[in-house]
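Chemist: The sequence isn't on hand, but the structure is:
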(Lines give C-alpha, C1' and ligand atoms only; values in the text may rest on other atoms or scores of the structure.)
Protein backbone atom coordinates (compact mmCIF):
# COMPACT_ATOMS: atom_id res chain seq x y z
CA UNK A 1 0.00 0.00 0.00
CA UNK A 2 1.27 3.46 -0.88
CA UNK A 3 1.91 6.10 1.74
CA UNK A 4 -0.58 8.95 1.60
CA UNK A 5 1.25 12.27 1.84
CA UNK A 6 -1.74 14.39 2.88
CA UNK A 7 -4.77 14.29 5.17
CA UNK A 8 -7.26 15.44 2.50
CA UNK A 9 -8.44 13.36 -0.43
CA UNK A 10 -10.87 13.51 -3.35
CA UNK A 11 -11.89 11.28 -6.23
CA UNK A 12 -11.61 12.08 -9.92
CA UNK A 13 -15.40 12.41 -9.93
CA UNK A 14 -15.25 15.07 -7.20
CA UNK A 15 -12.59 16.88 -9.23
CA UNK A 16 -15.27 17.76 -11.79
CA UNK A 17 -16.02 20.61 -9.40
CA UNK A 18 -12.51 21.80 -8.49
CA UNK A 19 -13.79 24.85 -6.63
CA UNK A 20 -15.46 22.63 -4.05
CA UNK A 21 -12.36 20.48 -3.68
CA UNK A 22 -10.18 23.55 -3.12
CA UNK A 23 -12.69 25.06 -0.68
CA UNK A 24 -12.71 21.84 1.34
CA UNK A 25 -8.92 21.61 1.27
CA UNK A 26 -8.24 25.13 2.47
CA UNK A 27 -4.49 25.62 2.14
CA UNK A 28 -3.48 21.96 2.34
CA UNK A 29 -2.67 19.52 -0.49
CA UNK A 30 -5.30 17.01 -1.67
CA UNK A 31 -4.64 13.45 -2.84
CA UNK A 32 -6.63 12.60 -5.98
CA UNK A 33 -7.82 8.98 -6.20
CA UNK A 34 -8.91 6.87 -9.14
CA UNK A 35 -10.21 3.40 -8.25
CA UNK A 36 -8.65 3.48 -4.77
CA UNK A 37 -5.19 4.43 -6.05
CA UNK A 38 -3.52 7.82 -5.74
CA UNK A 39 -3.04 9.27 -9.23
CA UNK A 40 -2.12 12.87 -8.38
CA UNK A 41 -1.78 15.52 -5.72
CA UNK A 42 -3.49 18.89 -6.01
CA UNK A 43 -1.52 21.58 -4.21
CA UNK A 44 -3.25 24.96 -3.76
CA UNK A 45 -1.19 28.09 -4.41
CA UNK A 46 -1.60 29.08 -0.75
CA UNK A 47 0.26 25.93 0.30
CA UNK A 48 3.15 26.67 -2.05
CA UNK A 49 3.43 30.29 -0.90
CA UNK A 50 3.98 29.32 2.75
CA UNK A 51 7.04 27.20 1.86
CA UNK A 52 10.24 29.20 2.22
CA UNK A 53 12.11 29.25 -1.08
CA UNK A 54 15.87 29.68 -1.28
CA UNK A 55 18.06 29.90 -4.34
CA UNK A 56 20.48 26.99 -4.67
CA UNK A 57 24.10 27.84 -5.23
CA UNK A 58 25.96 26.55 -8.27
CA UNK A 59 27.96 24.22 -6.03
CA UNK A 60 24.75 22.72 -4.56
CA UNK A 61 23.27 22.09 -8.00
CA UNK A 62 26.51 20.55 -9.26
CA UNK A 63 26.70 18.22 -6.24
CA UNK A 64 23.14 16.99 -6.80
CA UNK A 65 23.72 16.44 -10.51
CA UNK A 66 26.94 14.52 -9.92
CA UNK A 67 25.20 12.31 -7.36
CA UNK A 68 22.24 11.64 -9.66
CA UNK A 69 24.48 10.88 -12.63
CA UNK A 70 25.66 7.80 -10.72
CA UNK A 71 22.08 6.73 -9.96
CA UNK A 72 20.27 7.43 -13.24
CA UNK A 73 20.94 5.11 -16.16
CA UNK A 74 20.38 6.37 -19.69
CA UNK A 75 16.89 5.61 -20.94
CA UNK A 76 18.12 4.76 -24.42
CA UNK A 77 21.01 2.54 -23.32
CA UNK A 78 20.14 -0.07 -25.97
CA UNK A 79 21.20 2.41 -28.70
CA UNK A 80 24.83 2.53 -27.54
CA UNK A 81 25.92 -0.42 -29.72
CA UNK A 82 23.97 0.58 -32.84
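Modeler: Yes, it's here. In this text, all values refer to a predicted model and were calculated from it rather than measured experimentally.
Chemist: how distant is the longest helix along the chain from the center of its chain?
Modeler: When the chain is parsed with DSSP state H, its longest helix is helix 58-71. Offset of helix 58-71 from its chain centre (Cα atoms, centre = their mean, to the nearest Å): 20 Å.
Chemist: same deal with stretch 22-32?
Modeler: Centroid separation for stretch 22-32 versus its chain: 14 Å, with Cα atoms, centre = their mean.
Chemist: start the count at 641, not 1, going forward
Modeler: In the new count, where the first residue is 641, that last one comes out as stretch 662-672.
Chemist: contact partners of it?
Modeler: 644-652, 655, 661, 678-684, 686-687, 690 (Cβ atoms under 8 Å, 6 or more residues apart in numbering). Every C-beta, even on glycine, is put in place using the N, C-alpha and C of the backbone.
Chemist: Mind giving me the PyMOL command for buried ones among the residues you listed?
Modeler: Written as a PyMOL command, the selection of buried residues from the contacts of stretch 662-672, which uses 16 or more other Cβ atoms under 10 Å, is:
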select buried, resi 649+650+655+661+682+687
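Chemist: Helices along this protein, start to end?
Modeler: Assigned by DSSP H, the helices in the chain fall at 658-665, 685-689, 698-711.
Chemist: Show me the shaky parts of this protein.
Modeler: 641, 711-722 (pLDDT under 70).
Chemist: partners of the residue nearest in space to the middle of it in the sheet?
Modeler: By Cα atoms, centre = their mean, the chain has its centre lying nearest to residue 681, at 6.5 Å. Beta bridges link residue 681 to residue 671, judged by DSSP bridges.
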